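[1] coordinates for the following, if possible.
(chains A and B)
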There are 2 protein chains.
Amino acid sequence: MSSALRQHIEKLITLTDEEFDYVLSKFSTKKLKKHQFLVQEGAEVLNDYWVVKGLLKAYHADEDGKIHILQFAMEDWWISDYNSLVYGTAATINIDCIEDSELLVISSENRELLCNEMKGMANFFRKKSHAGYVALQQRILFLLHKNPQERYNRFLALNPKLLQRLPKTLLAAYIGVSRETLSRLSHP
Amino acid sequence: MSSALRQHIEKLITLTDEEFDYVLSKFSTKKLKKHQFLVQEGAEVLNDYWVVKGLLKAYHADEDGKIHILQFAMEDWWISDYNSLVYGTAATINIDCIEDSELLVISSENRELLCNEMKGMANFFRKKSHAGYVALQQRILFLLHKNPQERYNRFLALNPKLLQRLPKTLLAAYIGVSRETLSRLSHP
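    Reported below is the predicted structural model:
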């Protein structure tokens, strides 16, 4: 799993073997079973997680128990409650496993350490964050003005592999339509 | 305006006088009148902009000319077409001035240069991007499951000063409700 992380980082920056070993030393590993929670609402959030294998969802459940999906994460994606991580507040979302999952874990403290010690890692996380920001802006534009069919088509175009692994109920909760509406959409 | 930029940066990192002068040397200035465009759909986007004074909006206009607001920016905020800036593609949104505006301009090239030369600046932009990412996630959650009144209340709570400067039509386009719906909301 360490070679996968190295490949992931080296898409954006270059590291020597020694540098990568040092970066890796700041990570630990975690395994979770399907349905297990990684983050629960109200808990303290100290870590960011990179998915080695598996599939997770981050979501908010409203008063009626209806869930609204903030993000999914499969292999090569990062997931956490970033609001809590950035501001040091209790989690306002839940994260659990849609499939058995293996994660690489880095604490916020260790990430800051790496970024303060290594310009390359500061730039790696900066660029990842920029790309994430852009993806969220695009999602907002789609939520503001695209109809369910267009939202579905976009999700399919961006995430063909993810779509195959997702229960339809969760896809509906992500694109912001009812399960009934989703079933009426055409599947190109 | 340079002292304002220094204050803005030094909320997150510390710079010596020499370092700040170097950072500042990578910026230029730009003044625009109300209604003038900063970015137009289809154009190349090479710069990021920090607002010294004024108010702008970034938006997408759909086929019917209805506008959907991606972001506002007033004093101390950054604005650009980040999708174009990150991926080097043509602008898919417009940015124009709601008020006469003064901007500090940094090219993407100069920002990369600063981040590659100065760990502090890499961390500054990384942290700004993290905070922006979190704000967008919160907006998505509100778009997915909050009603117009709750969206309005949240906007008011987060941006009391901005609210006073915004035409109601633009506020409606930001929170994703019709102008008619907005006028029926209670204003605490």
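
[2] can you give me the helices in chain A?
    A:2-9, A:17-25, A:82-87, A:108-117, A:119-145, A:148-158, A:160-165, A:168-175, A:179-184 (DSSP state H).

[3] burial measure for A:G54, as a count.
    Neighbour count of A:G54, defined by other Cβ atoms under 10 Å in any protein chain shown: 20. All C-beta atoms are positioned from the backbone trio N, CA, C, and that covers glycine.

[4] so, low pLDDT: which residues of chain A?
    Applying pLDDT under 70 to chain A flags the ranges A:1, A:188.

[5] return the most buried member of the helices of chain A.
    helix A:119-145 (a mean of 21; mean count of other Cβ atoms under 10 Å in any protein chain shown).

[6] is that one up against chain B anywhere?
    Yes: contact of helix A:119-145 with chain B (Cβ under 8 Å from any Cβ of the partner chain) involves A:119, A:122-123, A:125-126, A:129-134, A:136-141, A:143-145.

[7] tell me what that helix is packed against?
    Judged by 3 or more Cβ pairs under 8 Å, 6 or more residues apart in numbering or on different chains; DSSP states H and E, the packing partners of helix A:119-145 are helix A:108-117, helix A:148-158, strand B:67-74, helix B:82-87, helix B:108-117, helix B:119-145.

[8] tell me which parts of chain A are close to chain B?
    Near chain B, when you scan chain A using Cβ under 8 Å from any Cβ, you find A:60, A:62, A:66, A:68-71, A:82-83, A:86-87, A:93, A:115-116, A:118-119, A:122-123, A:125-126, A:129-134, A:136-141, A:143-145, A:176.

[9] try it again with 7 Å
    Applying Cβ under 7 Å from any Cβ of the partner chain, we find that chain A lies next to chain B at A:60, A:62, A:68, A:70, A:82-83, A:86, A:115, A:119, A:122-123, A:125-126, A:129-134, A:136-141, A:143-145, A:176.

[10] got a list of what the most centrally placed residue in chain A touches?
    Centroid-nearest residue in chain A, with Cα atoms, centre = their mean: A:I79, separated by 3.3 Å. Shown in contact with A:I79 (Cβ atoms under 7 Å, 6 or more residues apart in numbering or on different chains): A:49, A:51, A:56, A:58, A:71, A:73, A:95.

[11] ok, back up a step: the helices and strands packed on helix A:119-145: which one's closest to B:Y22?
    helix B:108-117 (8.1 Å; Cβ to Cβ).

[12] anything in the closest one near chain A?
    Yes: residues of helix B:108-117 contacting chain A under Cβ under 7 Å from any Cβ: B:C115.

[13] re the thing from before, how about JSON lines for the helices and strands packed on helix A:119-145, with distance to A:K34 added?
    Output for the helices and strands packed on helix A:119-145, formatted as JSON lines (distance: least, Cβ to Cβ, whole Å):
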{"stretch": "helix A:108-117", "distance to A:K34": "27"}
{"stretch": "helix A:148-158", "distance to A:K34": "22"}
{"stretch": "strand B:67-74", "distance to A:K34": "36"}
{"stretch": "helix B:82-87", "distance to A:K34": "34"}
{"stretch": "helix B:108-117", "distance to A:K34": "40"}
{"stretch": "helix B:119-145", "distance to A:K34": "24"}
